[in-house]
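Visitor: sequence-free structure coming up:
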Ligand code: SAM
Ligand code: SF4
């Protein structure tokens with residue numbers, strides 16, 4: 001294992017490439033080149049893309065979303081479901097025409113799809129116009145790879161997954177001014193039987209708590225008012241580390257930073273969601289009253305097949321403990337419909353759990369077989385059409401619950417962060433420290449500030465009045 005000093009010098013190596021690239025790019029293109037980062041998938045990818053952008057800007061590129069005027073394009077991909085992968089192939093196919101118009105365009109693919117050997121091989125054979133393929137643990141080497149390619153290197157395929165300590169101090173170009181992502185850990189050790197993440201992101205690796213604290217302080221100082229701590233399973237933060245700071249302690253340390261801001265986090269695994277964590281949320285004023293706690297299935301039999309390490313009763317008693325301690329908590333969850341071998345009776349247990357808990361919102365997915373996962377090999381007799389009917393039934397139930405949630409929300413007053421301008425001139429979008437977004441009339445000068453709003457009505461979005 002490397003020590004921290006070695007890791008820092010690992011990024012220093014990239015600073016050398018950034019400096020060299022800055023000189024090289026101008027002579028290669030004859031103008032300041034543009035770069036485009038296309039992101040698919042989860043918040044972790046959005047956060048990684050902010051680092052890709054940071055490195056590109058440091059190397060001298062101007063960022064653009066217009067693919068027709070770009071000189072470097074990178075697709076940061078997602079492999080969690082088949083649908084996400086299909087969209088990526090559709091997108092990288094477009095590069096052929098872009099390269100015809102701009103032969104000096106460099107194209108790259110990174111992220112969870114790029115980490116898979118089968119995908120890298122397919123790109124090697126069928127997409128000859130893709131110059132670079134980078135796995136999830138080497139993306140900090142982007143400046144080096146671009147530099148080498150411009151200097152005549154062959155196409156680069158680098159997918160090393162050695163679970164080494166996290167490389168710190170990568171430049172970041174954040175997308176938002178008030179809301180920001182703060183990754184605290186990478187990878188996953190849980191091996192849920194349906195999930196590709198542990199194979200493509202490697203083992204759980206937690207960032208140094210003082211590096212996280214330093215970044216959080218810098219974000220608050222820069223005006224960020226809404227900071228989301230990110231990881232595949234944030235509540236196993238710090239496991240096995242000598243510093244002894246677990247997720248609840250880390251939250252308290254961030255809560256102690258001076259300033260007015262909200263701390264959010266995702267995702268939490270029910271098996272690691274402790275009473276200590278619930279008490280921390282209860283005690284700390286800056287922590288959002290929102291718990292995203294994916295349960296995946298309401299059937300204990302299916303949860304066992306999924307390798308989730310909790311059962312229906314365990315999940316429900318955790319929800320009870322959360323509601324007792326944090327009465328205004330907003331609960332959200334992820335659900336998979338149609339896991340191999342799931343019967344309608346199992347699915348009915350998912351419906352009854354949804355009815356019982358009354359979530360604020362749900363992220364629902366039809367099971368998608370993933371190459372190399374144990375679930376892919378299980379018999380899966382229920383047709384896609386039948387699973388689609390179950391899925392619609394679940395959506396219908398959640399719509400009924402949402403109506404209830406709306407009734408309980410309209411008429412209430414909330415403190416919101418003014419996050420963005422609404423489509424209608426003179427209106428802003430604000431978000432509570434839970435999950436509610438509201439549109440209200442207010443001056444742009446309030447952007448990035450907290451204000452109190454009463455929610456008056458709902459017509460697809462909540463409408464409110466500034467108090
Ligand atoms: N680490 C988080 C957790 O355990 O809750 C979730 C990360 S995963 C990227 C986000 C969600 O995708 C999961 O909670 C699950 O519901 C869904 N998912 C993962 N693999 C899937 C698959 N093979 N088919 C359908 N949905 C899947
Ligand atoms: Fe995938 Fe399970 Fe890890 Fe979440 S906890 S990333 S669902 S393996």
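Guide: Sure thing, it's come through. All values derive from a computational prediction rather than experimental measurement. Residues are numbered from 1 along each chain as shown. Ligands and ions are numbered 1, 2, ... in the order given.

Visitor: correct me, but residue 216 touches residue 227?
Guide: Yes. With contact defined as CB atoms under 8 Å, residue 216 reaches residue 227; the gap is 6.2 Å. The C-beta positions use only the backbone N, C-alpha and C, and glycine is treated the same way.

Visitor: who touches both of those two?
Guide: 182, 254 (CB atoms under 8 Å, 6 or more residues apart in numbering).

Visitor: where in this structure is pLDDT low?
Guide: Applying pLDDT under 70 to the chain flags residues 1-10.

Visitor: Provide a list of residues in contact with the closest residue to residue 142 other than its chain neighbours.
Guide: Among residues not flanking residue 142 along the chain, residue 55 sits closest, at 5.2 Å (CB to CB, 6 or more residues apart in numbering). Counting by CB under 8 Å, 6+ apart, residue 55 makes contact with 14, 18, 140, 142, 143, 170, 171.

Visitor: buried residues in the one helix or strand residue 55 maps to, which are they?
Guide: Element membership for residue 55 (DSSP states H and E) is helix 43-58. Buried residues in helix 43-58, counted by 16 or more other CB atoms under 10 Å: 44-58.

Visitor: any idea which of the residues you listed is closest to residue 270?
Guide: Nearest to residue 270 among these: residue 44, at 19.4 Å, using CB to CB.

Visitor: quick one: that closest one and residue 230 touch, right?
Guide: Yes. Using CB under 8 Å, residue 44 is in contact with residue 230, at 5.7 Å.

Visitor: overlap in contacts, the two.
Guide: Shared contacts of residue 44 and residue 230, counting by CB under 8 Å, 6+ apart, come down to residue 183.

Visitor: ok, of the contacts of residue 55, which come out buried?
Guide: 14, 18, 140, 142, 143, 170, 171.

Visitor: return only those of those residues found close to ligand 2.
Guide: Applying CB under 6 Å from any ligand atom, the subset of those adjacent to ligand 2 is empty.

Visitor: between these, which is closest to residue 378?
Guide: Among the buried ones among the contacts of residue 55, and counting by CB to CB, the member closest to residue 378 is residue 140, at 37.0 Å.

Visitor: how many neighbours does the nearest residue in space to that closest one that is not next to it in sequence have?
Guide: What sits nearest to residue 140 in space, not counting adjacent residues and going by CB to CB, 6+ apart, is residue 167, at 4.7 Å. As a burial measure, residue 167 scores 18 neighbours (other CB atoms under 10 Å).

Visitor: which helix or which strand is home to the one residue in the stretch 201-350 of the chain that gets nearest to ligand 2?
Guide: Going by CB to the nearest ligand atom, ligand 2 is nearest to residue 232 of the stretch 201-350 of the chain, at 4.1 Å. Following DSSP H and E, one finds residue 232 outside all helices and strands.

Visitor: again with residue 454
Guide: Secondary structure (DSSP H and E) places residue 454 in strand 450-458.

Visitor: next structured bit after that strand?
Guide: strand 462-466.

Visitor: so in that sheet, which strands flank that following strand, and in what orientation?
Guide: strand 437-441 (parallel), strand 450-458 (antiparallel) (DSSP bridges).

Visitor: among those strands, which is the most enclosed?
Guide: strand 437-441 (a mean of 19; mean count of other CB atoms under 10 Å).

Visitor: quick check, nearest of the buried residues of helix 43-58 to ligand 2?
Guide: For the buried residues of helix 43-58, the residue nearest ligand 2 by CB to the nearest ligand atom is residue 44; the value is 9.6 Å.

Visitor: got the contact list for the closest one?
Guide: Counted by CB under 8 Å, 6+ apart, residue 44 has contacts 183, 186, 230, 231, 232.

Visitor: was I right to think the fourth one contacts residue 237?
Guide: When you say that, I think you mean residue 231. Yes. Applying CB under 8 Å, one finds residue 231 in contact with residue 237, separated by 6.5 Å.

Visitor: what's the overlap in contacts for the two?
Guide: Joint contacts of residue 231 and residue 237 (CB under 8 Å, 6+ apart) are 184, 185.

Visitor: and residue 145, what element?
Guide: Short version, using DSSP H and E: residue 145 is in helix 142-150.

Visitor: next one: that helix to chain centre, how far?
Guide: Taking CA atoms, centre = their mean, to the nearest Å, one finds the center of helix 142-150 at 27 Å from the center of the full chain.

Visitor: do the same with stretch 82-96
Guide: 20 Å.

Visitor: tell me which residues of it come out buried.
Guide: Buried residues in stretch 82-96 (16+ other CB under 10 Å): 84, 85, 88, 89, 91, 92, 95.

Visitor: widest-spaced pair of those residues?
Guide: 84 and 95 (18.1 Å).

Visitor: relative to residue 76, which of the contacts of residue 55 is nearest.
Guide: Once CB to CB is applied, the member of the contacts of residue 55 that ends up nearest residue 76 is residue 142, at 10.8 Å.

Visitor: tell me how far the closest one lies from ligand 1.
Guide: From residue 142 over to ligand 1 the distance is 23 Å, taken as CB to the nearest ligand atom, to the nearest Å.

Visitor: so that residue touches residue 134, yeah?
Guide: Yes. Residue 142 lies in contact with residue 134 (CB under 8 Å); the separation is 6.9 Å.

Visitor: identify the contacts common to these two.
Guide: Common neighbours of residue 142 and residue 134 (CB under 8 Å, 6+ apart) are 108, 110.

Visitor: my read: residue 413 touches residue 452, true?
Guide: Yes. Counting by CB under 8 Å, residue 413 touches residue 452, with 6.0 Å between them.

Visitor: now for the two: what residues contact both?
Guide: Residues touching both residue 413 and residue 452 (CB under 8 Å, 6+ apart): residue 467.

Visitor: what's the neighbour count on residue 275?
Guide: 12.

Visitor: hmm, I typed the wrong one, I wanted residue 213.
Guide: 16.
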